[in-house]
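Q: How does the following fold in three dimensions:
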Amino acid sequence: MSVVFPFSAIVGQDDMKLALVVAAIDSRVGGVLVFGDRGTGKSTAVRGLASLLPPMRAVVDCPYHCDPDGHGRCDECKAHPGRKSRRVPVPVVDLPLGATEDRVVGALDLEKALTAGVKVFEPGLLARANRGFLYVDEVNLLEDHLVDLLLDVAASGENVVEREGLSVRHPASFVLIGSGNPEEGELRPQLLDRFGLSVDVQSPDDLAVRVEVVRQRDEFERDPEDFARRWKRRDATLRRKIGAARERLDSVQVDDHAREQTARLCIQLGTDGLRGELAVVRAARALAAFEGDACVKEAHLVRVAPAALRHRLRRDPLDEAGSTTRVERALAEVFGS
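A: Residues are numbered from 1 along each chain as shown. So this is what the prediction gives:
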């Protein structure tokens with residue numbers, strides 16, 4: 001098994017790392033979109049996050065690793081309650097651009113159909129990603145029919161397959177992580193709206209930061225095992241913080257003042273719908289839990305608002321400022337800072 005670059009060793013890109021940690025704490029935030037220059041650590045951060053996720057309890061031999069005590073279990077787990085369970089790593093599944101629809105949603109197991117004459121469903125990538133993360137690199141280049149498929153599954157939390165005489169319905173609830181380079185095309189608005197947080201990453205322009213990035217990467221490539229060993233303690237500390245934040249998440253309070261400020265901010269920016277408010281509140285609650293606070297404060301709202309709102313703004317032909325600048329201006333007007 002190849003060694004993954006430690007998440008804690010990533011230099012800079014604090015907004016990207018924070019967004020991924022928030023999504024790891026609360027899947028209801030709605031996923032993360034990371035857009036930016038090539039070679040800025042987008043894929044490295046996502047794969048490093050996988051090693052930070054606290055293990056989850058899943059039913060043994062269930063292809064969808066259902067939660068033995070949770071909702072959204074598959075038909076087999078519902079029909080046979082009390083099956084043995086064990087702790088397993090949270091899945092982080094790559095969806096390649098060239099993947100066929102059968103590979104994504106699942107299909108008839110041809111080998112068993114030909115040799116045994118029985119129709120057996122072979123789960124796809126959506127089944128493997130259930131209760132975990134589905135990562136799409138170059139998400140803006142994803143084929144339209146796969147985008148439509150992801151939108152349907154993301155909305156329902158279920159994958160429905162009806163083909164070759166099969167009719168299968170199974171849970172497919174996952175956090176969608178996408179990355180890409182904006183120079184290669186924009187994302188469809190329907191898919192863009194499904195991401196809870198959006199982060200822009202750029203190549204660092206600080207000399208010391210660039211030198212440190214190169215040094216860290218060079219050390220990792222020369223001896224990955226030793227490098228990972230040196231960062232193991234910091235990753236373990238971060239893993240415990242994420243686990244503790246998950247446990248206290250539901251106890252973090254959001255008062256009406258915080259909700260009103262969030263709504264005022266979204267009205268100021270003219271965002272469509274209410275997903276923006278929900279993303280800000282959920283992300284702020286996760287951040288408060290991560291920092292050990294009992295309630296959401298203005299500082300939490302201010303910190304997560306750019307990531308939750310920058311991709312939800314309408315284009316204004318009279319305002320040439322970027323979306324991040326527009327959010328920061330609105331924050332200054334609403335929060336007075």
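Q: ok, L197 touching A286?
A: No. L197 is beyond contact range of A286, at 10.2 Å (criterion: C-beta atoms under 8 Å). To be clear about C-beta, it is placed using only N, CA and C from the backbone, and glycine gets the same treatment.
Q: So for those two, which residues contact both of them?
A: 22, 29 (C-beta atoms under 8 Å, 6 or more residues apart in numbering).
Q: quick one, helices of the stretch 51-200 of the chain?
A: Using DSSP state H, counting those that start in this stretch, the helices of the stretch 51-200 of the chain run over residues 75-79, 101-105, 110-115, 125-129, 144-156, 189-192.
Q: Tell me which of these sits most buried.
A: Greatest average neighbour count among the helices of the stretch 51-200 of the chain goes to helix 125-129 (a mean of 23), per mean count of other C-beta atoms under 10 Å.
Q: From the contact counts, what lies against it?
A: strand 92-94, helix 101-105 (3 or more C-beta pairs under 8 Å, 6 or more residues apart in numbering; DSSP states H and E).
Q: Neighbouring strands - and their directions - for the shortest one?
A: What that stands for is strand 92-94. strand 133-137 (parallel) (DSSP bridges).
Q: Output the partner strand as CSV, nothing but the C-alphas.
A: Presented in CSV, the C-alpha positions along strand 133-137 are these (Å, rounded to 0.1, in the frame of the first residue of the first chain):
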residue,chain,number,x,y,z
PHE,A,133,-16.4,10.5,0.3
LEU,A,134,-16.6,10.5,-3.5
TYR,A,135,-13.7,12.4,-5.1
VAL,A,136,-13.8,13.7,-8.7
ASP,A,137,-10.6,15.2,-10.0
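Q: can you give me the angle that strand makes with helix 144-156?
A: For strand 133-137 against helix 144-156, the angle by axes from the mean of the first three to the mean of the last three C-alpha atoms, to 10 degrees is 160 degrees.
Q: Go through strand 133-137 and flag the buried ones.
A: Buried residues in strand 133-137, counted by 16 or more other C-beta atoms under 10 Å: 133-137.
Q: got JSON lines for the helices and strands packed on helix 125-129, with mean pLDDT and distance to A9 too?
A: Output for the helices and strands packed on helix 125-129, formatted as JSON lines (pLDDT from 0 to 100; distance: least, C-beta to C-beta, whole Å):
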{"stretch": "strand 92-94", "mean pLDDT": "90", "distance to A9": "18"}
{"stretch": "helix 101-105", "mean pLDDT": "88", "distance to A9": "32"}
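Q: Between those, which one is closest to D67.
A: D67 lies closest to strand 92-94 among those, at 17.4 Å (C-beta to C-beta).
Q: who's in contact with that closest one?
A: By C-beta under 8 Å, 6+ apart, strand 92-94 touches 46-47, 49-50, 53, 125, 128-129, 132-137, 174.
Q: Show me which of those is closest to E277.
A: F174 (23.2 Å).
Q: Show me the shaky parts of the stretch 51-200 of the chain.
A: Filtered on pLDDT under 70, the stretch 51-200 of the chain yields the residue ranges 109-114, 116-119, 164.
Q: Once you drop chain neighbours, what's closest to C266?
A: Distance criterion C-beta to C-beta, 6 or more residues apart in numbering; nearest residue to C266, sequence neighbours excluded, is G276 at 4.8 Å.
Q: Help me confirm that that neighbour is found in a strand?
A: No. Per DSSP: H, G, I helix; E, B strand; the rest coil, G276 lies outside any strand segment and is helix.
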